[in-house]
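> next input, structure requested:
(2 chains)
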Amino acid sequence: MDTIVSLIERIFYTKLIGSLDLYTMLATLFKYVFVIIVLYFIYLIVRMIYLDIEQMPSDSRGSGAYLHLITQQTKLPFDVQREYPLYQINTIGRDASNHIAIAYPYLSGKHASIFLKDGSYYIEDHASANGTLLNGQKVDGALPLKNKDILTFVDVEFLFMVGE
Amino acid sequence: MRRPRLAEFAARNKQREYFSNVKLLTFMFQLLSMGLVLLNSRQSLNVNTLVFTGLLIGLTYLSNVLVMRYTKGDNYLIIIANMLFSIGIVMLYRINPALGQRQLLFYALGIAVFYASYYFLKYTGRFWQNKTFLFLGLSVAMLLVTLVFGRTLGGATNWIGVGNVQFQPSEFTKITFAFFIAAFYANHDFFQKKLGGSLFLMGATYLLIGIFFLQGELGTAVVFFAAMICAMIAFDKSRLLLAANIGLAFAGLYLAYLLFDHIQVRFDIWLDPWADPDGKGYQILQSLFAIASGGLFGRGIGLGSPGSIPLAHSDFIFASIIEEMGIFMGIAISLLYLIVFYRGLKISLAQPNRFYKVLSLVISMMFAAQAAIVIGGVLKLIPLTGMVLPFMAHGGSSLLSSFILLGVLQYSSIEQYPEVELEDEE
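Reported below is the predicted structural model:
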């Protein structure tokens, strides 16, 4: 071990020019290298994230279908989004745990759900107090949805859009 | 709306290529910097030091590869954590090889608990989503035990010794607290009806923060507060409560300033370190000198004197790094924490399951707040709080809890669609 240490001492710590030894030169050179490595590392990560975002369709998780609010938003005294993207399973109701949570007192806690089955969407009412209407007809059991169907939860109206 | 398949395939290939480049960069950084450090500490050169370097490179590489293979979800988190850790441990080893070796041991453990917490949540995740009181109870219990049996070190009573092992329960309280907030918002309806909604969350958080003030742990108190505020901004409709909270925080801080001596001291040092340059102000002044002498690119590894700052290996590792690797490295480190924060926000936005949505937001906020507080403290932008940088500084408890939180974040990055029973149709 001692021979190695003295060898290192001789190679890296002999003064070459003035008081400069090889170690100082290396350390000075490498400090630039380190900064470049880490900044390049960050650059690559950001590039990868950028690719990630670019790959996403406008809505990464949704199937393309969405609910569009027909009732004028400004007339409603509670928060409703203009559009709700639809996933595999979507529950609608007053409780915050629903996917589409609307704090409207006349909605039931778990009011209804829209789900995807064999490639098409269905609406199902969960025995809600004030009912769900599909094109003006009361929903009983699971009913299939087609493009531009009108869904009414109590008196909040949505248009069902398939998208693409 | 979907892009053509071919473009997607090309993008994925490109990503894979970047990924291997990133692994290569981490490897190069470790190899070059450890080479310099080993030359610099040539007197203590022996077989152990070479084994140390090999283990460091091997473990990092292994964890970078395994994350692609065995976990789903976000691949960036562990790579960035590994890079941060590499920068940290090189500096630690350069300051004190013994500390570096100890830290490597905890790193191995940390990688193990990262995967362990991932798989733990995978198999038991559903069970925890409504155990709000369990998490609150655990947090309070851990802190109270520390308050009663804890040992005082560096002005804060936050160490617990069991046999030969000593650890900081407050680091692990972060985990239970993050789960508590997540479980609270996942069961928000219940609390809204029975227990005063957000007032319950506020009460619980202030209770924990109160205990931290008694212990003298300013930093963790601020991190908890930031996590709560962040969750409230995102998931609470009431802006009034939010404003009340911020008001309360200022009032509470002022009250604490009047009541507790150790908090007054920290503010005094921050306002005027020159009042006592050889005593209380010594540490922060040394830190500022170190940063100033580093300049843009630093003095080079082994050419500075980071040992002159007290606690250069833990609380002040950021200053030591800037002294030897430069302001640019400091900026790069801040950027790395920023990316972790951004990833956390993105995970939270994409997650449909409310429990994991809140959890990932809170965890990423905790990392961000911790980094901001430490970096701000070292640069004397805010008073010192006695926190350490996650993943970088010396300290087993901090490293382990950070890796557990990262594992939880990794699991939260998998989108989970809740299952609704559809059995009532024939």
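> what's around residue B:49, how many residues?
Around residue B:49 sit 19 other residues, with neighbours defined as other C-beta atoms under 10 Å in any protein chain shown. Heads up, the C-betas are built off the backbone N, CA and C, glycines and all.
> return the residues in contact with it.
Contact analysis of residue B:49 by C-beta atoms under 8 Å, 6 or more residues apart in numbering or on different chains lists B:38, B:41, B:97.
> return the subset of those lying in helices.
Cross-referencing the contacts of residue B:49 with the helices (criterion: DSSP state H) gives B:38, B:97 as the overlap.
> now do the closest residue to chain A within the stretch 151-300 of chain B against residue B:28, distance only.
Checking the stretch 151-300 of chain B residue by residue against chain A with C-beta to the nearest C-beta singles out residue B:300 as nearest, at 3.4 Å. Here residue B:300 is placed at a distance of 17 Å from residue B:28 (C-beta to C-beta, to the nearest Å).
> distance from the chain centre to the worst-scoring helix or strand of chain A on mean pLDDT, please.
Here the helix or strand of chain A ranked lowest by mean pLDDT, DSSP states H and E is strand A:15-17, holding a mean of 76. Once both centres are worked out by C-alpha atoms, centre = their mean, to the nearest Å, strand A:15-17 turns out to sit 59 Å from its chain's centre.
> report whether it contacts chain B.
No - shown here: strand A:15-17 not in contact with chain B (C-beta under 8 Å from any C-beta of the partner chain), separated by at least 14.8 Å.
> adjacent strands (with direction) for that strand?
Applying DSSP bridges to the sheet, strand A:15-17 is found paired with strand A:20-21 (antiparallel).
> next structured bit after the strand it pairs with?
Moving toward the C-terminus from strand A:20-21, the next helix or strand (DSSP states H and E) is helix A:22-55.
> what about residue B:92, which helix or strand?
Applying DSSP H and E, one finds residue B:92 within helix B:76-95.
> repeat that for residue A:159.
Under DSSP H and E, the secondary-structure element containing residue A:159 is strand A:156-161.
> adjacent strands (with direction) for that strand?
Within its sheet, and counting by DSSP bridges, strand A:156-161 is paired with strand A:66-69 (antiparallel), strand A:149-153 (antiparallel).
> how about the longest one as CSV, C-alpha atoms only?
As requested, the backbone C-alpha atoms of strand A:149-153 are provided in CSV (Å, rounded to 0.1, in the frame of the first residue of the first chain):
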residue,chain,number,x,y,z
ASP,A,149,-77.3,12.4,-26.1
ILE,A,150,-78.6,14.8,-23.5
LEU,A,151,-78.1,13.8,-19.9
THR,A,152,-80.0,15.6,-17.2
PHE,A,153,-79.1,15.2,-13.5
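> pull the number of nearby residues for the closest residue to chain B within chain A.
For chain A, the residue positioned closest to chain B under C-beta to the nearest C-beta is residue A:27, at a distance of 3.4 Å. Counted with other C-beta under 10 Å, residues neighbouring residue A:27 total 23.
> if I pick the nearest residue to it once chain neighbours are set aside, what's in contact with it?
With sequence-adjacent residues excluded and distances taken as C-beta to C-beta, 6 or more residues apart in numbering or on different chains, residue A:27 is closest to residue B:300, at 3.4 Å. Contacts of residue B:300 were listed using C-beta under 8 Å, 6+ apart, and they are A:24, A:27-28, A:30-31, B:324.
> okay, those in JSON lines with pLDDT and distance to residue A:132 next?
Output for those, formatted as JSON lines (pLDDT from 0 to 100; distance: C-beta to C-beta, whole Å):
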{"residue": "A:24", "pLDDT": "84", "distance to residue A:132": "78"}
{"residue": "A:27", "pLDDT": "85", "distance to residue A:132": "72"}
{"residue": "A:28", "pLDDT": "85", "distance to residue A:132": "73"}
{"residue": "A:30", "pLDDT": "86", "distance to residue A:132": "68"}
{"residue": "A:31", "pLDDT": "85", "distance to residue A:132": "67"}
{"residue": "B:324", "pLDDT": "88", "distance to residue A:132": "67"}
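> any chance of these in JSON lines with distance to residue B:216 as columns?
Below are the contacts of residue B:300 laid out as JSON lines (distance: C-beta to C-beta, whole Å):
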{"residue": "A:24", "distance to residue B:216": "43"}
{"residue": "A:27", "distance to residue B:216": "39"}
{"residue": "A:28", "distance to residue B:216": "42"}
{"residue": "A:30", "distance to residue B:216": "40"}
{"residue": "A:31", "distance to residue B:216": "38"}
{"residue": "B:324", "distance to residue B:216": "31"}
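> quick one: which of those is the most crowded by neighbours?
Greatest neighbour count in the contacts of residue B:300, by other C-beta under 10 Å, goes to residue B:324: 29 neighbours.
> how much space between that one and residue A:82?
Relative to residue A:82, and taking C-beta to C-beta, residue B:324 is found at 54 Å.
> same check, this time on residue A:91
19 Å.
> so between those two, which is more surrounded?
More neighbours surround residue A:91 than the other of residue A:91 and residue A:82, with 20 against 9 (other C-beta under 10 Å).
> low-confidence ranges in the chain?
No chain specified, so I'll use chain A. Applying pLDDT under 70 to the predicted model, the residue ranges of chain A that meet it are A:1, A:54-63, A:73-75, A:163-164.
> actually, chain B is the one I wanted.
Where chain B drops to pLDDT under 70, the residues are B:1-8, B:151-158, B:161-165, B:417-426.
> could you pull out the strands in it for me?
Across chain B, reading from the start of the chain, the strands by DSSP state E fall at B:151-153, B:156-162, B:165-167.
> what's the end-to-end length of stretch B:147-166?
One end of stretch B:147-166 to the other measures 15 Å (C-alpha to C-alpha, to the nearest Å).
> what's the neighbour count on residue B:330?
Counted with other C-beta under 10 Å, residues neighbouring residue B:330 total 22.
> I figured it was touching residue B:324, is that so?
No - the pair residue B:330 and residue B:324 fails to qualify as a contact (C-beta atoms under 8 Å) at a distance of 11.1 Å.
> apart from its neighbours in sequence, what residue is nearest residue A:140?
residue A:125 (7.0 Å).
> so who does the one you found touch?
Residues in contact with residue A:125 (C-beta under 8 Å, 6+ apart) are A:111-112, A:131-132, A:139-140.
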